[in-house]
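Q: sequence first, then the predicted structure, then my questions.
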Amino acid sequence: MHDSSLFSPEVRRLIRYLNLSPHPEGGYFCENYRSAGVIDKSGLPDYYNENRNFSTAIYFMLPKGHISHFHKVKTDEVWHFYGGGSLTLIQIFEDGRREDVQIGSNVFEGEHLQYVVPANCWFAAFPNEEVEYSLVGCTVSPGFDYKDFELGAKSDLVERFPEHAALFDKYSL
Ligand code: GUN
């Protein structure tokens, strides 16, 4: 199913031109910007044990049938819509509340060109029906580090939020 020879020519071209690689959460990404500037850990909250770059930005693409599996990051993450079709982003907040948002260009129908996923919120995303791919950007500040990123294990998420078991079954690893 995730054999790249099955991608549309446009998806294959974008992966090549934008130099995208598989992301551990699913989908394809390329880090396009990592600030040269570094914030000393003394200037960061206690949950950072090391320095971080000021900011980072990635391209992120989800081809049809691909999922950004439930994960969370320690910082707010700004999603920016760039191309292809819209996607659904599912958020589960720390209190268990679920809120879905649409990332896309049809702002008149409630889609978001920019959307901020709050820090520590569990979230997953997938391209909508009939969409060949969704191409977005994700920016964070302080800059991204895998130490600030957690992929949710299905069993842990189901145990913590049993009311969302069906959702985690479909969209977590
Ligand atoms: N760099 C590598 N992975 C990610 C990610 O999931 N989000 C952001 N913002 N940057 C990344």
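A: Perfect, I can see it now.
Q: sec struct for Gly143, please.
A: Look at Gly143: counting by DSSP: H, G, I helix; E, B strand; the rest coil, its state is coil.
Q: which non-adjacent residue is nearest the most centrally placed residue in the chain?
A: When Cα atoms, centre = their mean is applied to the chain, the residue found nearest the centroid is Ser68 (6.0 Å). Taking Cβ to Cβ, 6 or more residues apart in numbering as the measure, Ser68 lies nearest to Ala125, with 4.2 Å between them; neighbours along the chain are not counted. The way it works is simple: take the backbone N, C-alpha and C, and place the C-beta from them, glycine included.
Q: surely Glu99 touches Phe93?
A: Yes. When contacts are counted by Cβ atoms under 8 Å, Glu99 is listed as touching Phe93 (7.2 Å).
Q: look up phi and psi at the residue nearest to the centre of the chain.
A: phi -90, psi 110 (degrees, to the nearest 10).
Q: same thing with Arg160?
A: Torsion angles at Arg160 (phi, psi; degrees, to the nearest 10) stand at phi -80, psi -40.
Q: report pLDDT for it.
A: At Arg160, the model reports a pLDDT of 98.
Q: and the gap between it and the ligand?
A: Between Arg160 and the ligand the distance, using Cβ to the nearest ligand atom, to the nearest Å, works out to 21 Å.
Q: Asn19 too?
A: The gap separating Asn19 from the ligand is 13 Å, by Cβ to the nearest ligand atom.
Q: can you pull the pLDDT of that residue?
A: With respect to pLDDT, Asn19 has a value of 98.
Q: related to what we said a few turns ago, quick check: the residue nearest to Ser68 touching Leu62?
A: Yes. Ala125 is within contact range of Leu62, at 6.4 Å (criterion: Cβ under 8 Å).
Q: more neighbours, the two?
A: Ala125 (27 against 24; other Cβ atoms under 10 Å).
Q: dump the residue contacts of that one.
A: Neighbour list for Ala125: Leu62, Ile67, Ser68, Leu87, Thr88, Leu89, Ile90, Ile103, Ser134 [criterion: Cβ atoms under 8 Å, 6 or more residues apart in numbering].
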